[in-house]
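**Q** give me a model of this one.
(chains A and B)
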Amino acid sequence: MTTGEFALRTDGVGKRYRKGWALRDCTLALPAGGVIALVGPNGAGKTTLLRLVVGLLAPSTGTVEVLGHDVTASTSRTLARIGFLAQDHPLYKRFTVAEMLRFGRACNLRFDQGLAEHRLAKLGIPLDRRTGTLSGGQQAQVALALALAKRPDLLVLDEPVASLDPLARHEFMQVLMGAVAEGDVTVLFSSHVVHELERVCDHLVVLDNGRVTLTGDIDTLLTEHRLLVGPRTATGPERSGAVVETVHSERHTTLLVRDGALPVAPGWQARPVALEDLVLAYLRRPGVDVTAVGAA
Amino acid sequence: MFVFRLDTHSGVPPYLQLVQQVRQAVLLGFLQPGDRLPLIREVVEDLAINPNTVAKAYRQMEQENLVTGRPGQGTFVDERQSAVMPASTYTSLRRGLTTWLRRAYAAGLDEQAVDALLASVHQEMRNEGVA
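**A** Modelled structure (predicted):
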């Protein structure tokens, strides 16, 4: 694991399409050696951000730095260190798996064909089958094996499990996490599914409406945030700055607060919050002040 | 071999869940001094979980002297763990709790009400700095 180094840094990044801004004021510093989830609803700007990271798009404002190099000015050597798995795991459907691997070897500076063949054999995926005849889960595994054969330092995946059934999803994550356990790869993946994120990632970026609304180390975020349950009052305890969400029921009030571990007011009970609920609370918030929470 | 599980709705960070499971298993005698824990790789591939999470859990368990890492061999339940709680203490605490729970149920509380009561007492003791 590499520490003290950033896999990705963006500074004031925005991307404007003809229709308008898809991404604005995006400033991030994501550590190397971990697994980073990029979460948000459809249309939040996730794919735009990922395409900026892998150099497929140029930012309208700001800078994108991957593995210490400015991506817009990057050479093929920098790009060789980045793996990208686009949405829906694109493969040449009429190619056999073996032909796909040959294609990968021909197109990349660094390509470990033996590693890919070994992974696919372990999964029981035959090399002589056309990729178009494989199941969705198997196609995803072939695409992942191709991306990992590059031995990238940063692997970027756009909605890698969105189209997979629960079993294929689990198998995909098993292989991906196994790859992280094996070597020095930083993984950045997007997802609109927030369920089960905490078991796979160390770092979280929540995007909503083209803006970063929450970013941080997951264990830190879960420690900083908690639910306070107490009697319903007009004002609630004095925590105005730290309250993320307030839910009133008839006689009691539930507050999601970001206050570290301050002592709880009398009559109130503190409870940990699940990551899924935390993310949803941030996504429900209207008009978040980006500068207040974006720097965490 | 010890098998970990994950509850993703508990709000407890995954690494802490792994630590708690080992602590509990040692306390209840399901894990005994010298027992080997699965390798990080094995846990990762079994649960489809982030390796950093497992590594963090193992580090924390070593710091608490719950387990000892032996290079090249694996991670083992620490030999000092046997004396943490004598079986008689465990039995007596358990008996006391059973009696108390019977009274609570007889008074009309259900499992959730008991949990809520327990949580609020925990909270009170935490505030007083006891637990």
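**Q** when you work out contacts or count neighbours from here on, use the C-alpha atoms and nothing else.
**A** Noted.
**Q** can you show me the helices along the stretch 1-150 of chain A?
**A** A:46-53, A:76-79, A:97-107, A:113-122, A:136-149 (DSSP state H, counting those that start in this stretch).
**Q** with respect to chain B, which of those helices lies nearest?
**A** helix A:113-122 (13.1 Å; Cα to the nearest Cα).
**Q** the closest one vs helix A:136-149, what angle?
**A** Taking axes from the mean of the first three to the mean of the last three Cα atoms, to 10 degrees, one finds helix A:113-122 and helix A:136-149 inclined to each other by 160 degrees.
**Q** how far off centre is helix A:113-122?
**A** Distance of helix A:113-122 from the chain centroid (Cα atoms, centre = their mean, to the nearest Å) equals 26 Å.
**Q** that older thread, which one of the helices of the stretch 1-150 of chain A has the lowest average pLDDT?
**A** Lowest mean pLDDT within those: helix A:76-79, a mean of 80.
**Q** can you list contacts of it?
**A** Residues outside helix A:76-79 that contact it (Cα atoms under 8 Å, 6 or more residues apart in numbering or on different chains) are A:54-55, A:69.
**Q** can I get these in CSV with distance to residue B:55 and neighbour count?
**A** As requested, these are exported to CSV (distance: Cα to Cα, whole Å; neighbours: other Cα atoms under 10 Å in any protein chain shown):
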residue, distance to residue B:55, neighbour count
A:54, 29, 22
A:55, 33, 19
A:69, 29, 16
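**Q** filter these down to the ones in strands?
**A** Under the assignment DSSP state E, these contribute residue A:69 to strands.
**Q** now, which of the contacts of helix A:76-79 sits nearest chain B?
**A** Checking those one by one against chain B (Cα to the nearest Cα), the nearest turns out to be residue A:54, at 23.0 Å.
**Q** contacting residues for residue A:243?
**A** A:255-258.
**Q** most neighbours, which of these?
**A** Counting neighbours by other Cα atoms under 10 Å in any protein chain shown, residue A:256 leads those with 24 neighbours.
**Q** how about that residue, phi and psi?
**A** phi -100, psi 120 (degrees, to the nearest 10).
**Q** just residue A:285 next, same as before
**A** According to degrees, to the nearest 10, residue A:285 has phi -70, psi 130.
**Q** on the pLDDT front, check it for me.
**A** pLDDT, residue A:285: 83.
**Q** cool, residue B:39 as well?
**A** Note for residue B:39: predicted pLDDT of 93.
**Q** wait, doesn't it sit right on residue B:74?
**A** Yes. Counting by Cα atoms under 8 Å, residue B:39 touches residue B:74, with 6.4 Å between them.
**Q** re the thing from before, and the helices of the stretch 1-150 of chain A as TSV, adding mean neighbour count?
**A** Converted to TSV, the helices of the stretch 1-150 of chain A look like this (neighbours: other Cα atoms under 10 Å in any protein chain shown):
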stretch	mean neighbour count
helix A:46-53	23
helix A:76-79	14
helix A:97-107	17
helix A:113-122	16
helix A:136-149	23
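**Q** include distance to residue B:19 when you put these into TSV, please.
**A** Output for those, formatted as TSV (distance: least, Cα to Cα, whole Å):
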stretch	distance to residue B:19
helix A:46-53	34
helix A:76-79	39
helix A:97-107	41
helix A:113-122	31
helix A:136-149	31
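**Q** those helices: which one's closest to residue B:1?
**A** Proximity to residue B:1 (Cα to Cα) singles out helix A:113-122 among these, at 23.0 Å.
**Q** the closest one near chain B at all?
**A** No. Counting by Cα under 8 Å from any Cα of the partner chain, chain B has no neighbours in helix A:113-122; the shortest distance is 13.1 Å.
**Q** now that helix against helix A:97-107, angle please.
**A** Using the same axes, to 10 degrees: helix A:113-122 against helix A:97-107 is 160 degrees.
**Q** name the helices or strands packed onto helix A:113-122?
**A** Using 3 or more Cα pairs under 8 Å, 6 or more residues apart in numbering or on different chains; DSSP states H and E, the elements in contact with helix A:113-122 are helix A:97-107, helix A:136-149.
**Q** dump these to CSV, plus distance to residue B:54.
**A** Compiled in CSV, the helices and strands packed on helix A:113-122 are given as follows (distance: least, Cα to Cα, whole Å):
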stretch, distance to residue B:54
helix A:97-107, 32
helix A:136-149, 22
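**Q** would a markdown table of those helices with distance to chain B be doable?
**A** A markdown table is the format used below for the helices and strands packed on helix A:113-122 (distance: least, Cα to the nearest Cα, whole Å):
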| stretch | distance to chain B |
| --- | --- |
| helix A:97-107 | 24 |
| helix A:136-149 | 15 |
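**Q** alright, calling it a day.
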